[in-house]
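> Quick one, what's the 3D model for this:
(3 chains)
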Amino acid sequence: MIETKDKLFGVVDLNARFELTKFKPVRAILKSRWMPLLPILLNLFIFVIILLAAFTGGYSAGNYNFGIMIVWILWWVLLMMMLVPGLSRAWCMMCPFPIFSDWAQRTKLFDVKTGKLGGLNFKWPKKLSNMWVMNIAFLVTTFFSGFMTVMPFATFILLGIIILGAFIVGLVFEKRTFCLYLCPVSGFQGLYSQFATVEVRRKDWDICKNHNPKTCFVGNENGYGCPWLRTPFDFQKNTYCGMCLECLKTCPYDNMAINLRPPGVDLLVETKREPKGLDEAWKAFIMLGIAIVFYLAFQGPWGFFKDMVRGATLPGYLGYIAFHATFNLLIIPGVFFVFAYLSKRLSGNTDVSLKTIFTNFAYTLIPMGLGVWMGFSVGILLPNGSYILRVLSDPFAWGWNLFGTAQIPWTPVLTGVMGYLQGAILIVFFAFAVGYGWLLAKQIYADAKQAKRGFVPILTFLTLITLVFLWLFVG
Amino acid sequence: MKIKNETIAVALFILGTVVALVGILGFENYRRSAEYTAELTARATENGNWYPNTITIPYGKPAKILIRNIDVVSHGFALPDFEIAVQEIKAGESAVVEFTPDKRGVFPFVCTIWCSMRHMEMRGQLIVE
Amino acid sequence: MKITKPIVIAITLVLTVAFVALVYFGMTHARGAPVAVPPLKRATLVSHYKTKSLDLTQGVALADWADIPGTEVELVYQVMVLPWSKALIPAVTAKSFHNDTELYVYVSWKDDAENRNLSTGEFGDAVALMFPLADDVPPSTLMMGFLGKQGVNVWHWKATQDKEFWSKESVSNDAYSDFHYPFEEQETLIVSKSALQSAISDLIAVKVTTTTAKATQNVQGRGVWDASRGEWRVVFKRALSATNLKEDAAFGHGTRKLMAFAAWAGDKGDRGGRKSISDWVQLEFR
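Got it, this is the predicted structure:
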């Protein structure tokens, strides 16, 4: 852990940690090889149902389809509202998609295979060992969002490609290369998990320092060396930690811990091994841009735009793709660049590069984007949540009624106050963005005076974004 | 004899995938043949019309027909000769109609919602014999 | 087993092909079992050019229509707008001719009984023709709820009105309260009018419940019941050119026009929205 004297909002001690694994039963559960295998197997079963429902659902409306509802309403909302901001990459921990390649590489499902893993074990190119591929993969995936959220079969194709891709990449490349650098939903989880209130970290550096070989990295009879290619003994950021729990099993000294922590502390971390980068900055831009476009398309009042996203006409659809790509890859970063430039000019600092200012301040968009996405998720969940009760009872729309809830009518909940709820969430996360923005400004610039002046444009940008979304949410 | 964890894990894996798939499809197959007299798929004329277009049910015995709308628009079901109807079956929804046919013959059933340019052709036949 | 390059390539190929095949199957079966859909076949009613004209005061003579080929128009239950029909008149036979100034349409259909009177629970037989007022209308305009701004011109022949007009007989000796159907308020006004101008009500509508009598009644007509064959024969007659293009369907030699049919069997309880209806039929003036 990197010690920092800074306090968030002047009061929150960012060094505060509460170790969850200090409770023996918790550690025992996490060290068992059934964990996370059991949740993975459970999710595997759930995704078999999702895939079957998405396949049999064809092109029909998604409202009554288990696949669409569980993936795009329940899972997505859970991810954005609870899993990522609360539990970091807890989804990656229990994601069932890599189980096939894990099994192929390890030849064991439960037990530990020591020694070299199977598969071709190629190394992923260094140049691509960042978020760029995932940035593009996720953006391209959102090109099809208008179909995936209404056509069950489109969701089947997407999930099929991901599952097949994960398996084949797992055969060719080492360990969890797919999860690290290719999975479309991995990127934003990594980015936003920097804000999470939970982390996996080593406890005492002195223990690790003298421990050779470092079993958390190379593995032993109790578990595999970090499948996510981290160095658990010294990594500082949640970004690429898949929370697979192997290091808790492989550490003979129980020196790995799962901690509760103040949200967002990773935003200040910058080390040689885990530098702040343009790939993550662009991920933040893309996520913010997608949230804006999605809001306009799915919760906004503009029917013509919705038709474009749904591909009502080919030119309209191509127009959407062109706008969507340009907006996310160029316009948002471009606007932010202007504010970063103003920040440099106003600060009067000549030593720090514009790139550093641009990149580091982009991390304020992590809490900002998360707030926007949480607000958007509320806008999905409250109006459509009642469908989930239906599809649980009749997952394939075959006329089942497993839990007696198949006939529950569509019941929007709290939609009268939804806008205010979304607005409140947004304001809370705006506060985090500003709080961390200020701390980042102090990191970037030499002294408090420069930092104050240099922070003004960034504060303006964050305020503008917040006002735009407040206007969209509350009207 | 102690069962190895690895074996249990593999068994759970197979249970959650292959057994689940085969089980669900097999159960549904059985359920439909046991529970329903006939099954209808509702789709606009352009997409294939009522499928099957002719269904046969026995005279005098309670009939239970499963109607699945697998289309992207709402359809409805009306069997006017028996005054049986479901006014609207939304896209992706299914409905069940139950009645006891008290006359023999060939009876038309139709869609009750303007579903497409060829809505008027969205018709089928129920044979009671 | 060691995973080697050829094995990975083989697995990749097999799985990719299998997935593509699955997707192909899924796409071709996304709307259930594929069924070939025959193309739309719209019935055509040809209005032949003749030099004759008919005098309706002389009744409806089969001989006048013997040389004109008929078109069988299939009808279906009206089950889109409540109340739905419970009985079906499966088809009507339509014929048409025109001279330089007049259009004639003949409609006949089988019925179990002649119903020309009204009382509680007793309803009359009827038939109606509907013409869209706009030139190019999509088929969806058939539903009265989708007629758009211009609406339709409806020629509504009623056996009761026919009896009142031609025989000057009363068709009802008590209040026919049930006839005051929610959607027919406008129509009952015409029926209850004392001075009938025709056996046909010349109406306009822009959607369901808007059926309104036109200020000028331009359609004449007459129906006869053939008890031996259990058949109604009704003739409609109107000037070929429209009096008012906003209200009257426009016709002309060499033109085409969409039209639709509706028929009511009074003894089956048909009235108002309870009727049998056709799809659009192409009316061709040759």
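> mind checking how far the closest residue to chain A within the stretch 151-286 of chain C is from residue A:333?
Ranking the residues of the stretch 151-286 of chain C by distance to chain A (Cβ to the nearest Cβ) places residue C:207 first, at 22.0 Å. Glycine gets a C-beta too; all of them are placed from N, C-alpha and C. In this structure, residue C:207 and residue A:333 are separated by 51 Å, where distance is defined by Cβ to Cβ, to the nearest Å.
> So these two - more neighbours on which side?
Taking neighbours as other Cβ atoms under 10 Å in any protein chain shown, residue C:207 and residue A:333 compare with residue A:333 leading, 21 against 15.
> For residue A:401, grab the count of nearby residues.
A count of neighbours around residue A:401, defined by other Cβ under 10 Å, yields 11.
> for the residue nearest to it when sequence neighbours are not counted, what are its contacts?
Residue nearest to residue A:401 in three dimensions, not counting chain neighbours: residue A:393, with 5.1 Å by Cβ to Cβ, 6 or more residues apart in numbering or on different chains. With contacts taken as Cβ atoms under 8 Å, 6 or more residues apart in numbering or on different chains, residue A:393 has the following neighbours: A:400-406.
> And residue A:393, its phi and psi?
Main-chain torsions, residue A:393, degrees, to the nearest 10: phi -80, psi -30.
> quick check: longest helix of chain B.
The helix that spans the most residues within chain B, counting by DSSP state H, is helix B:20-35.
> now for it, which elements pack on it?
Judged by 3 or more Cβ pairs under 8 Å, 6 or more residues apart in numbering or on different chains; DSSP states H and E, helix B:20-35 is in contact with helix A:34-56, strand B:63-69.
> Name the stretch among the ones you listed that sits most buried.
strand B:63-69 (a mean of 22; mean count of other Cβ atoms under 10 Å in any protein chain shown).
> So which residues on the stretch 151-300 of chain A come close to chain C?
Contacts of the stretch 151-300 of chain A with chain C, taken as Cβ under 8 Å from any Cβ of the partner chain, map to A:153, A:156-157, A:160-161, A:164, A:167-168, A:171-172.
> which stretches of chain B form helices?
With helices called from DSSP H, chain B shows them at B:5-14, B:20-35.
> in the longest one, what's buried?
Yep, that's helix B:20-35 we're talking about. Neighbour-count burial for helix B:20-35 flags B:20, B:24 (criterion: 16 or more other Cβ atoms under 10 Å in any protein chain shown).
> same check, this time on stretch A:420-439
Buried residues in stretch A:420-439, defined by neighbour count with 16+ other Cβ under 10 Å: A:421-426, A:429-439.
> So what touches that stretch?
By Cβ under 8 Å, 6+ apart, the surrounding residues in contact with stretch A:420-439 are A:6, A:8-9, A:195, A:263-264, A:267-268, A:361, A:363-368, A:370-372, A:374-376, A:378-379, A:382, A:414, A:451, A:455, A:458-459, A:462-463, A:466, A:469-470, A:473-474.
> picking up where we left off before, any idea how far the residue of the stretch 151-286 of chain C closest to chain A lies from chain B?
When distances are taken as Cβ to the nearest Cβ, to the nearest Å, residue C:207 and chain B turn out to be 12 Å apart.
> Now which of the contacts of stretch A:420-439 would you call buried?
A:6, A:8, A:195, A:263-264, A:267-268, A:361, A:363-368, A:370-372, A:374-376, A:378-379, A:382, A:451, A:455, A:458-459, A:462, A:466, A:469-470, A:473.
> out of those, which are inside helices?
A:361, A:365-368, A:370-372, A:374-376, A:378-379, A:382, A:451, A:455, A:458-459, A:462, A:466, A:469-470, A:473.
> what about residue C:107, which SS state?
Three-state call for residue C:107 (DSSP: H, G, I helix; E, B strand; the rest coil): strand.
> dump the residue contacts of it.
Residues in contact with residue C:107 (Cβ under 8 Å, 6+ apart) are C:92-94, C:127, C:129, C:232-236, C:261, C:263.
> let's see 10 Å
The contact partners of residue C:107, taken as Cβ atoms under 10 Å, 6 or more residues apart in numbering or on different chains, are C:45, C:70, C:73, C:92-96, C:127-129, C:157, C:221, C:223, C:232-236, C:261, C:263.
> Would you map the strands across chain B?
Residue ranges of the strands in chain B, as given by DSSP state E, are B:38-42, B:54-57, B:63-69, B:75-79, B:84-89, B:94-99, B:105-110, B:123-128.
> Hmm, residue A:443 is touching residue A:364, no?
No - distance between residue A:443 and residue A:364: 11.8 Å, which falls outside the contact criterion (Cβ atoms under 10 Å).
> Report the set of residues contacting both of these two.
Common contacts of residue A:443 and residue A:364, defined by Cβ under 10 Å, 6+ apart, comprise residue A:267.
> Which pLDDT does the model give residue A:268?
Residue A:268 is assigned a pLDDT of 92 by the prediction.
> Quick one: neighbours of residue C:58, just the number.
Neighbour count for residue C:58, taken as other Cβ under 10 Å: 9.
> Next, it: phi, psi?
The main-chain torsion angles of residue C:58 are listed as degrees, to the nearest 10 and equal phi -90, psi 10.
> who's in contact with residue 98?
In the absence of a named chain, chain A is used. With contacts taken as Cβ under 10 Å, 6+ apart, residue A:98 has the following neighbours: A:40, A:92, A:105, A:163, A:166-167, A:169-170, A:175-176, A:178-179, A:183, A:227, A:242, A:244.
> Wait, chain B was what I had in mind.
Taking Cβ under 10 Å, 6+ apart as the contact definition, residue B:98 lies against B:36-37, B:62-65, B:84.
> In JSON lines, list those along with pLDDT.
Formatted as JSON lines, those follow (pLDDT from 0 to 100):
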{"residue": "B:36", "pLDDT": "94"}
{"residue": "B:37", "pLDDT": "94"}
{"residue": "B:62", "pLDDT": "95"}
{"residue": "B:63", "pLDDT": "95"}
{"residue": "B:64", "pLDDT": "95"}
{"residue": "B:65", "pLDDT": "95"}
{"residue": "B:84", "pLDDT": "89"}
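> Residue A:275: which of these is nearest?
Nearest to residue A:275 among the contacts of residue B:98: residue B:36, at 63.0 Å, using Cβ to Cβ.
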